[in-house]
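*Asks:* sequence plus the predicted model coming up.
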Number of protein chains: 2
Amino acid sequence: MLFQDVHQAHPACGDCPIRHRAVCARCETDELRELDRIKYYRSFEAGQTVVWSGDHMEFVASVVTGVATLTRALEDGRTQMVGLLLPSDFVGRPGRDRAPFNVIATTDLLMCCFRRKPFEEMMARTPHIAQRLLEMTLSELDAAREWMLLLGRKTAREKIASLLAIMARRDAALGLSAPSGRIVFDLPLTREAMSDYLGLTLETVSRQITALRRDGLIELQGKRHVIVPDYDRLVEVAGDDSDGGFFG
Amino acid sequence: MLFQDVHQAHPACGDCPIRHRAVCARCETDELRELDRIKYYRSFEAGQTVVWSGDHMEFVASVVTGVATLTRALEDGRTQMVGLLLPSDFVGRPGRDRAPFNVIATTDLLMCCFRRKPFEEMMARTPHIAQRLLEMTLSELDAAREWMLLLGRKTAREKIASLLAIMARRDAALGLSAPSGRIVFDLPLTREAMSDYLGLTLETVSRQITALRRDGLIELQGKRHVIVPDYDRLVEVAGDDSDGGFFG
DNA sequence: CAGACACCTTGACATGAATCAAAGAGATCC
DNA sequence: GGATCTCTTTGATTCATGTCAAGGTGTCTG
């Protein structure tokens, strides 16, 4: 789910992005019908809290449109983002009833929810759903570990370059082009959200973005519109030894 | 696998710790027999590499005895530990054939392996194994996220206290006592391994351990034998808002 | 249009952790 | 029993990033 590639999913599975992208990779119609029966939609406004860490979470869900963040915080307020939910990403855990992190909508957000109990029952009857979830969870785990390397060992400059490269890559993928050469996209995060993601302060984020611009690695129009003239050069600054890991 | 609690498993499932602890929570004998048929043991000496990142990994496995680490590294050698494998922990991913990290034995190590293909086939036939793996993977994901909070937002002192608290907690759990009051245990990691885990240098680790000792939060006999006189006070220094998260 | 607000940038300074360097403590080996 | 090796501690210094503070930019609202 963390940076899950929207386009890995089967492209011909109907209108609801949820049905095939997040849950049911094989698209068998009986199961889709059953999923349809137990699903419902919820929408949230930008800034609204979806679930608070420690709360009961009586559903699992999939993002239809918008962006949400998963965060954990220390008592004194220091906050770390631990995941980013983009359209088609899945959140929730069959078998656990308390959320281990805060889920917050950063833009207007539409989620497709399944009440946990019926979903679990369906999972028990439909083995390939558990396998699909396992696969997705393993991808997330890989992404989390890649992120641990970033948080523990990269410099501020490398961190920013990494984040921009991921965003660029993701948007290139949405446009179905290979990520190389010139890429243009909009940042879906504030500087503060970026700092929470990268384990930095927002001032440092701002300064490093300025530095990357000064060095010609990116161009900015306004605060959020980013132009990456040379994707490969950016990846080089990011210092990744395996950029591919992020998309599982 | 990361900090998986050995004692969560059903205690009465036979002699091979693998059979029930890591893979088969329900202990049905037919399945255990089948797992027995496809399993084999491999042992490694301390320091030996089990798998190198990017290599083909043709098995999934479970730790019987010893300790192994999962690490990722940048090209210039900066290294981040992304997981710790202790007895009963599971490693490997059905459905992927390349390891996304290095697995290195830090002590002499005995692993119980299952060739990937037969294991996958068995998983397809035995739904609750996929569910069990999903459960374990979700626990690991929670642990990884907890670790992201540590790496991104905690001070060196808090990081060390967190690691010691986890070790203390784990060893208290092995002795079947509740983690509180006085706990005594041996560190299974060198200062360098600890630094790789915590995103610090080994000098900083050494200094902070000295500082915690000076402040009476821990006592040391030799380099590795640790006495925690007051577990709760240590947890307080660690700054965790949810210590429970680590054991899923 | 003015005012308010959220978001972002920049500057000056402080500080926690890294780096570089040296030496101590325990093992192991002949 | 001394030599050697690995692991660890400690000290001096540097540097990257955090902290505190001020001001800029764009958007929305009345």
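*Replies:* Ah, there it is.
*Asks:* then stretch A:86-100 to CSV, C-alphas only?
*Replies:* The C-alpha trace of stretch A:86-100 is given here as CSV (Å, rounded to 0.1, in the frame of the first residue of the first chain):
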residue,chain,number,x,y,z
LEU,A,86,-2.8,6.8,-2.3
PRO,A,87,-5.7,5.7,-4.5
SER,A,88,-6.0,1.9,-4.6
ASP,A,89,-4.1,1.5,-1.4
PHE,A,90,-5.5,-0.7,1.3
VAL,A,91,-5.6,-0.1,5.0
GLY,A,92,-6.7,-2.1,7.9
ARG,A,93,-5.9,-5.5,9.4
PRO,A,94,-8.1,-8.5,9.5
GLY,A,95,-7.8,-10.0,13.0
ARG,A,96,-6.9,-6.9,15.0
ASP,A,97,-9.4,-4.4,16.2
ARG,A,98,-7.3,-1.5,17.2
ALA,A,99,-5.5,0.9,14.9
PRO,A,100,-1.8,1.1,15.6
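*Asks:* how about that stretch and chain B, touching?
*Replies:* Yes. Using CB under 8 Å from any CB of the partner chain, stretch A:86-100 reaches chain B at A:93, A:94, A:95, A:96, A:100. In this view, the C-beta of every residue, glycine as well, is placed from N, C-alpha and C.
*Asks:* quick check: phi and psi at residue A:233.
*Replies:* Backbone torsions of residue A:233, given as degrees, to the nearest 10, read phi -70, psi -40.
*Asks:* tell me which parts of chain A are close to DNA strand C?
*Replies:* In this structure, chain A approaches DNA strand C at residues A:190-192, A:202-203, A:205-207, A:209-210, A:220, A:223-224, judged by CB under 7 Å from any atom of the strand.
*Asks:* dump those to CSV, plus distance to residue B:116 and pLDDT.
*Replies:* Rendered in CSV, the data for these read as follows (distance: CB to CB, whole Å; pLDDT from 0 to 100):
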residue, distance to residue B:116, pLDDT
A:190, 43, 95
A:191, 44, 97
A:192, 43, 96
A:202, 45, 98
A:203, 48, 98
A:205, 42, 98
A:206, 47, 98
A:207, 47, 98
A:209, 43, 98
A:210, 48, 97
A:220, 46, 95
A:223, 48, 91
A:224, 44, 91
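*Asks:* show me how to select, in ChimeraX, the buried members of the residues you listed.
*Replies:* Listed next is the ChimeraX selection for buried residues among the residues of chain A next to DNA strand C, using 16 or more other CB atoms under 10 Å in any protein chain shown:
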select /A:191,205,206,209
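*Asks:* neighbour-wise, which of the residues of stretch A:86-100 next to chain B leads?
*Replies:* Counting neighbours by other CB atoms under 10 Å in any protein chain shown, the top entry in the residues of stretch A:86-100 next to chain B is residue A:100, with 24 neighbours.
*Asks:* hang on, it packs against residue B:142?
*Replies:* Yes. With contact taken as CB atoms under 8 Å, residue A:100 and residue B:142 are classed as touching, separated by 5.1 Å.
*Asks:* just send the residues of stretch A:86-100 next to chain B back as JSON lines, with pLDDT and secondary structure too.
*Replies:* Listed next are the residues of stretch A:86-100 next to chain B as JSON lines, based on pLDDT from 0 to 100; DSSP: H, G, I helix; E, B strand; the rest coil:
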{"residue": "A:93", "pLDDT": "87", "secondary structure": "coil"}
{"residue": "A:94", "pLDDT": "84", "secondary structure": "coil"}
{"residue": "A:95", "pLDDT": "82", "secondary structure": "coil"}
{"residue": "A:96", "pLDDT": "85", "secondary structure": "coil"}
{"residue": "A:100", "pLDDT": "92", "secondary structure": "coil"}
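*Asks:* farthest pair within those?
*Replies:* When the residues of stretch A:86-100 next to chain B are compared pair by pair using CB to CB, the two farthest from each other are A:94 and A:100, 13.9 Å apart.
*Asks:* measure the residue in chain A that DNA strand D sits nearest to to residue A:210 for me?
*Replies:* At 3.2 Å from DNA strand D, residue A:204 is the closest residue in chain A, using CB to the nearest atom of the strand. Counting by CB to CB, to the nearest Å, the gap from residue A:204 to residue A:210 is 11 Å.
*Asks:* the strands in chain A, which residues?
*Replies:* With DSSP state E applied, chain A shows strands at A:39-44, A:49-51, A:59-65, A:68-73, A:79-85, A:90-91, A:102-105, A:109-115, A:183-186, A:219-221, A:225-228, listed in chain order.
*Asks:* just give me the longest helix of chain A.
*Replies:* When chain A is parsed with DSSP state H, its longest helix is helix A:127-153.
*Asks:* quick one: average pLDDT of it?
*Replies:* Helix A:127-153 comes out with an average pLDDT of 90.
*Asks:* briefly note if it comes near chain B.
*Replies:* Yes. On the criterion CB under 8 Å from any CB, helix A:127-153 is in touch with chain B at A:127, A:130-131, A:133-135, A:137-138, A:140-142, A:144-149, A:151-153.
*Asks:* what's the answer for stretch A:112-124, then?
*Replies:* Yes. With CB under 8 Å from any CB as the threshold, stretch A:112-124 lies in contact with chain B, specifically through A:123, A:124.
*Asks:* which segments of chain A make up each domain?
*Replies:* Annotated domains of chain A cover A:6-143, A:154-247 [automatic domain parsing].
*Asks:* any idea which of the ones you listed scores lowest on pLDDT?
*Replies:* When the domains of chain A are ranked by mean pLDDT, domain A:6-143 comes last with a mean of 81.
*Asks:* number of residues surrounding residue A:97?
*Replies:* Residue A:97: 11 surrounding residues under other CB under 10 Å.
*Asks:* just residue A:236 next, same as before
*Replies:* Around residue A:236 sit 13 other residues, with neighbours defined as other CB under 10 Å.
*Asks:* tell me, how many residues neighbour residue A:180?
*Replies:* Burial of residue A:180, expressed as a neighbour count using other CB under 10 Å, amounts to 13.
*Asks:* my guess is residue A:69 meets residue A:190, correct?
*Replies:* No. Here residue A:69 does not reach residue A:190: they are 10.6 Å apart, not a contact under CB under 8 Å.
*Asks:* shared neighbours of the two, anything?
*Replies:* Between them, residue A:69 and residue A:190 share the neighbouring residues residue A:106, with contact defined by CB atoms under 8 Å, 6 or more residues apart in numbering or on different chains.
*Asks:* picking that back up, I figured the residue of chain A closest to DNA strand D was touching residue A:194, is that so?
*Replies:* No. Distance between residue A:204 and residue A:194: 9.9 Å, which falls outside the contact criterion (CB under 8 Å).
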